[in-house]
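Student: Quick one, structure for this:
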Amino acid sequence: MLRKGLCAFVVLVAVTAGAYAYVNRVSRLDTWEIAFSSKPPRVLEVTEGGSLSQYTYVIYEVTNKTSEDIDFYPTFQMEADNGKVFTAGIYPTVFAQLSKRMGKDLLSFSKITGIIKSGETKKGVAVFKGADPAADTLAIYVTGLSGDFTLKKTESGKLVALYKTFKLCYARPGDEFQASLDPVTLKSTEWVWRE
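Tutor: Numbering: from 1, shown residues only. Next up is the predicted model:
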């Protein structure tokens, strides 16, 4: 009986150690990081099918200051003060208008993704549709600026990957009328972990 209990204990310790080693082996910290800067979110009004649509966009720059080339595949999400989250999408009509206004060095999502060479800087735009133009605060989350991720066990025992994500918080007082003219102020930035 004692022998069975001891065997069960040894197996439990081995499984626990294996799971711990697995989590640490898969997690990646202090790998690489891309330098990021951006302008405050702005609203662009576009006439589509006879009606006016509003898009929120963020112009940004990324620079690879590491000594190696890096695969850059960003994800941009915007959270309004009502808790709704919007993911940046591809809107050719909006990009065409912004490219005319901002210059030809502005890259679309499909052009900015991929390899960023060591020392290279690229300028891109993240475009969101459907965001509340009356929101007083906005949080922008940018994933893909760091190679760091870790694994976390949920309460149900499921392992989920958390990625190092850059968060920018903005204040935007005003209302839904002429939202393109409302001032937007950066309040804080921080690194957070998100799925």
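Student: Might you report the residue contacts of the residue positioned nearest the centre of the chain?
Tutor: In the chain, the centroid-proximal residue (CA atoms, centre = their mean) is Val142; its distance is 2.2 Å. The contact partners of Val142, by CB atoms under 8 Å, 6 or more residues apart in numbering, come to Phe36, Tyr60, Pro74, Thr75, Phe76, Thr165, Phe166, Lys167, Leu168. Every C-beta, even on glycine, is put in place using the N, C-alpha and C of the backbone.
Student: For the stretch of helix or strand the first one belongs to, which outside residues touch it?
Tutor: Translated: Phe36. Applying DSSP states H and E as the criterion places Phe36 in strand 35-38. Strand 35-38 is contacted from outside by 58-65, 140, 142, 145, 166, 168, using CB under 8 Å, 6+ apart.
Student: Break the chain into its domains for me.
Tutor: 1-28, 31-194 (automatic domain parsing).
Student: Narrow the contacts of strand 35-38 to just the buried residues.
Tutor: In these, burial by neighbour count holds for Val58, Ile59, Tyr60, Val62, Asn64, Ile140, Val142, Leu145, Phe166, Leu168, counting by 16 or more other CB atoms under 10 Å.
Student: And the helix or strand harbouring the second one, how far out from the chain middle?
Tutor: Following DSSP H and E, the helix or strand that holds Ile59 is strand 51-63. Centroid separation between strand 51-63 and its chain, computed with CA atoms, centre = their mean, to the nearest Å, is 14 Å.
Student: Can you tell me which helices and strands that strand packs against?
Tutor: Packing partners of strand 51-63 (3 or more CB pairs under 8 Å, 6 or more residues apart in numbering; DSSP states H and E): strand 35-38, strand 42-48, helix 92-102, strand 121-129, strand 137-143.
Student: Where among these is average confidence lowest?
Tutor: In terms of average pLDDT, strand 42-48 trails the rest of those, at a mean of 87.
Student: Just the CA atoms of stretch 124-142, as PDB, please.
Tutor: Extracted C-alpha coordinates of stretch 124-142, given in PDB (Å, rounded to 0.1, in the frame of the first residue of the first chain):
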ATOM      1  CA  GLY A 124       1.700  53.000 -41.300                       C
ATOM      2  CA  VAL A 125      -2.000  53.600 -40.400                       C
ATOM      3  CA  ALA A 126      -4.500  51.600 -38.400                       C
ATOM      4  CA  VAL A 127      -8.100  52.200 -39.400                       C
ATOM      5  CA  PHE A 128     -11.200  51.400 -37.200                       C
ATOM      6  CA  LYS A 129     -14.800  51.400 -38.300                       C
ATOM      7  CA  GLY A 130     -17.800  51.600 -36.000                       C
ATOM      8  CA  ALA A 131     -16.200  53.200 -33.000                       C
ATOM      9  CA  ASP A 132     -18.400  55.600 -30.900                       C
ATOM     10  CA  PRO A 133     -17.500  59.200 -32.000                       C
ATOM     11  CA  ALA A 134     -18.800  60.500 -28.700                       C
ATOM     12  CA  ALA A 135     -16.400  58.400 -26.600                       C
ATOM     13  CA  ASP A 136     -14.500  60.500 -24.100                       C
ATOM     14  CA  THR A 137     -11.700  58.100 -23.600                       C
ATOM     15  CA  LEU A 138     -10.000  55.700 -26.000                       C
ATOM     16  CA  ALA A 139      -7.400  52.900 -25.300                       C
ATOM     17  CA  ILE A 140      -5.300  51.700 -28.200                       C
ATOM     18  CA  TYR A 141      -3.700  48.200 -27.900                       C
ATOM     19  CA  VAL A 142      -0.800  47.300 -30.200                       C
END
